[in-house]
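Q: Got a predicted structure here, sequence first:
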Amino acid sequence: MPVMPKIAIALFANSPFIEGKPNAYLSTRSQIWTDIDNNRIGMLHFVLDDSFGFLGDWSGLAFFKLFQHQLWSYIQGILDYYP
């Protein structure tokens, strides 16, 4: 297992006890995640890209603002149509 998941498990570990008795796992949450669909879990590879950072976040925000404005204009058009 890579290092990052081990660190995350240690930071967010669920109790190794169930109803006051030890269970077979150091982290119940970690054990549950082993049964989850592999397509839904895993490393976020974009975090390791050189382009990841403030500039990417800022440009994404600008796109969201544009989308939000267009959506609001669309909603206003619908509301104006139905008095």
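A: Arrived safely.
Q: Around the nearest residue to Ile18 once chain neighbours are set aside, count how many other residues there are.
A: Of all residues not flanking Ile18 in the chain, Thr28 sits nearest, at 7.1 Å (CB to CB, 6 or more residues apart in numbering). Yep, even glycine has a C-beta here, placed from its N, CA and C like the rest. When neighbours are defined as other CB atoms under 10 Å, Thr28 has 16 of them.
Q: Repeat that for the one 3 residues further on.
A: As a burial measure, Gln31 scores 14 neighbours (other CB under 10 Å).
Q: give me the element it is part of.
A: Using DSSP states H and E, Gln31 maps to helix 28-33.
Q: Tell me how far Tyr82 lies from Gln76.
A: Per CB to CB, to the nearest Å, Tyr82 is found 11 Å from Gln76.
Q: between these two, who's got more neighbours?
A: Applying other CB under 10 Å to Tyr82 and Gln76 shows that Gln76 carries more neighbours, namely 10 against 5.
Q: That one: which element?
A: Gln76 is part of helix 54-81, with elements assigned from DSSP H and E.
Q: Mean confidence (pLDDT) on that helix, please.
A: Across helix 54-81, the average pLDDT comes to 69.
Q: Ser30: neighbour count?
A: Counted with other CB under 10 Å, the neighbours of Ser30 add up to 19.
Q: On the pLDDT front, check the nearest residue to it once chain neighbours are set aside for me.
A: Nearest non-adjacent residue to Ser30, counting by CB to CB, 6+ apart: Ile9, 4.8 Å away. Reported pLDDT at Ile9 in the predicted model: 71.
Q: Confirm Ile9 sits in a strand?
A: No: using DSSP: H, G, I helix; E, B strand; the rest coil, the secondary structure at Ile9 is helix, not a strand.
Q: measure it to Ser73 for me?
A: Relative to Ser73, Ile9 is positioned 46 Å away (CB to CB).
Q: Could you do Ser51 as well?
A: For Ser51, the distance to Ser73 - CB to CB - is 31 Å.
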